[in-house]
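>>> Fold the following for me, if possible:
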Amino acid sequence: MRKMVELTIPGDHKDEPIVYQMITRFKVIPTIIEASFSSKTGWAYFKLEGEEDELNRLFDFLKSKNIIVDHRD
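Alright, predicted model coming up:
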């Protein structure tokens with residue numbers, strides 16, 4: 001399954017390896033399409049590939065970190 005999502009990432013996660021955690025904790029393949037970050041906030045547009053259950057687990061994890069997940073497809 002493929003999902004296009006935009007993540008809005010609060011500045012308090014700027015030094016956290018979010019993409020690394022996406023790869024190592026979940027069976028997903030993230031592709032960064034576009035991104036922009038500052039010290040206060042950031043956003044990234046991703047193509048995510050994986051099983052639906054695994055993608056949902058990832059989305060729950062991101063939301064638990066106050067990262068906004070906006071589905072684009």
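>>> where do the strands sit along this structure?
Using DSSP state E, the strands found in the chain span residues 2-10, 28-37, 41-50, 68-71.
>>> Quick check, pLDDT for the closest residue to Gly42 other than its chain neighbours.
Spatially, and ignoring its direct neighbours in sequence, Gly42 is nearest to Ile9 (4.4 Å; Cβ to Cβ, 6 or more residues apart in numbering). For the C-beta atoms, the positions are set from N, CA and C on the backbone; glycine is no exception. pLDDT for Ile9: 93.
>>> Ok, Lys14 next?
As predicted, Lys14 sits at a pLDDT of 78.
>>> Would you mind measuring from the nearest residue to Trp43 once chain neighbours are set aside to Ile29?
If the residues on either side of it in the chain are set aside, Trp43 comes closest to Thr8, at 5.1 Å by Cβ to Cβ, 6+ apart. Remark: distance between Thr8 and Ile29 (Cβ to Cβ, to the nearest Å) = 21 Å.
>>> how close does Glu51 get to Ala44?
Taking Cβ to Cβ as the measure, Glu51 and Ala44 are separated by 22 Å.
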